[in-house]
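A.B. asks: no sequence on hand, only this structure:
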Ligand code: G3P
Ligand code: CA
């Protein structure tokens, strides 16, 4: 089976539990991933960083004061540091300064306490990638359907610069668990092109180029040339991405832009252009709270899922997989 076969035979869009069911449990905990599966997610999404001893763990950032109790732990007070991560100065506590054994003494907490329940704070450990895979495989047997994993490499160039490359250990863990071919239930995603090009040399599993953007053009550079994120979605750019990746993971705002007041604008042709380039399109991030929704969808987040599914989206990352599953199964 090839990716294009998969696009045409998939019974409905894929529901990817974004950081688990992170709207309902602290993100990137086994409890969040398990709830995502129980709510119908087809894939669970661990963001991946490395510990001091080179173990891959699930955190959105290598700086962990926002998602663990590390700042409240006197024994680690002297680990606070200031670093430049991808050009941004960051102060806090970093996974690469903790062994796995030390990291395992921390407890996860809700990243958005002003919006979401904190009742699960302090209950859960930071999981390793291996533990996430073990959960997916155990739950696959329990629920009678295959649960895929969808790891994202976070700051791979930075980790490479400190001697903790993410690519080789990621491929090693995936290989050891039976994820090595195009049709295995796994996608690897990254914003960093060089990271994906390296992974393309190391593994045959499908690779997804993430595309950022708010829907408003803003500046960045490709090989020194000024560009905007919207430029990344031209047919020529898609043809270039196709040399190393199997799909794109765009911000939903590259598909349905908004104006400066957050009002929805007519959809772009990105999904159709990407399909013409042979790509899957998995968009991020779908959330249910009004805080995150365009005014047209506030109070009824299902409308947003319906719009994107009607545009032909192949899958989406959601903090509320149960909502995505329900809407997708109505199609
Ligand atoms: O991987 C899709 C989406 O997760 C990318 O954004 O910041 O939530 O990792 P982020
Ligand atoms: Ca992610």
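C.D. replies: All right, it came through fine. Keep in mind the model is a prediction, meaning the values are calculated, not measured. Ligands and ions are numbered 1, 2, ... in the order given.

A.B. asks: what about the helices in the stretch 101-250 of the chain?
C.D. replies: Assigned by DSSP state H, counting those that start in this stretch, the stretch 101-250 of the chain shows helices spanning 129-143, 156-161, 167-176, 193-202, 235-241.

A.B. asks: name the element the residue in the chain positioned nearest to ligand 1 belongs to?
C.D. replies: Here the residue of the chain nearest ligand 1 is residue 284; by CB to the nearest ligand atom that distance is 3.7 Å. C-beta here means a position set from N, CA and C on the backbone, and glycine is covered the same way. Secondary structure assignment for residue 284, by DSSP states H and E: strand 280-286.

A.B. asks: average pLDDT for the helix or strand following that strand, rounded please.
C.D. replies: Later in the chain than strand 280-286, the nearest helix or strand by DSSP H and E is helix 302-310. The average pLDDT within helix 302-310 is 97.

A.B. asks: ditto for stretch 241-256
C.D. replies: Mean predicted lDDT for stretch 241-256 stands at 92.

A.B. asks: just to revisit the earlier point, is the strand holding residue 284 positioned near ligand 2?
C.D. replies: No. Applying CB under 5 Å from the ion, one finds strand 280-286 separated from ligand 2 by no less than 7.0 Å.

A.B. asks: so how far is that strand off the chain centroid?
C.D. replies: Relative to the centre of its chain, strand 280-286 is centred 9 Å away, using CA atoms, centre = their mean, to the nearest Å.

A.B. asks: go on, stretch 31-39?
C.D. replies: 15 Å.

A.B. asks: rewinding a little: so the residue of the chain closest to ligand 1 bridges to which residues?
C.D. replies: Judged by DSSP bridges, the bridge partners of residue 284 are residue 251.

A.B. asks: just give the nearest non-adjacent residue to residue 190, would you?
C.D. replies: Distances taken as CB to CB, 6 or more residues apart in numbering place residue 153 nearest to residue 190, at 4.7 Å, with adjacent residues excluded.

A.B. asks: near ligand 1, which residues of the stretch 101-250 of the chain show up?
C.D. replies: For the stretch 101-250 of the chain, the contact set with ligand 1 under CB under 6 Å from any ligand atom comprises 152, 189, 210, 249.

A.B. asks: need the helices of the stretch 101-250 of the chain in a markdown table with distance to ligand 2, can you?
C.D. replies: Formatted as a markdown table, the helices of the stretch 101-250 of the chain follow (distance: least, CB to the ion, whole Å):
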| stretch | distance to ligand 2 |
| --- | --- |
| helix 129-143 | 13 |
| helix 156-161 | 13 |
| helix 167-176 | 14 |
| helix 193-202 | 13 |
| helix 235-241 | 18 |
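
A.B. asks: just put those in a markdown table and tack on mean neighbour count and distance to residue 304.
C.D. replies: Below are the helices of the stretch 101-250 of the chain laid out as a markdown table (neighbours: other CB atoms under 10 Å; distance: least, CB to CB, whole Å):
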| stretch | mean neighbour count | distance to residue 304 |
| --- | --- | --- |
| helix 129-143 | 17 | 26 |
| helix 156-161 | 18 | 31 |
| helix 167-176 | 17 | 32 |
| helix 193-202 | 18 | 28 |
| helix 235-241 | 16 | 24 |
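
A.B. asks: contact partners for residue 145?
C.D. replies: residue 42 (CB atoms under 8 Å, 6 or more residues apart in numbering).

A.B. asks: per-residue pLDDT, it?
C.D. replies: pLDDT at residue 145 comes out at 95.

A.B. asks: next one: the one 4 residues further on
C.D. replies: Listed pLDDT for residue 149 reads 98.

A.B. asks: need the helices of the stretch 101-250 of the chain in a markdown table with distance to residue 26, can you?
C.D. replies: Shown next, in a markdown table, are these (distance: least, CB to CB, whole Å):
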| stretch | distance to residue 26 |
| --- | --- |
| helix 129-143 | 14 |
| helix 156-161 | 23 |
| helix 167-176 | 23 |
| helix 193-202 | 27 |
| helix 235-241 | 33 |
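
A.B. asks: so which of these comes closest to residue 327?
C.D. replies: For those, distance to residue 327 was read as CB to CB. The smallest value, 19.7 Å, belongs to helix 129-143.
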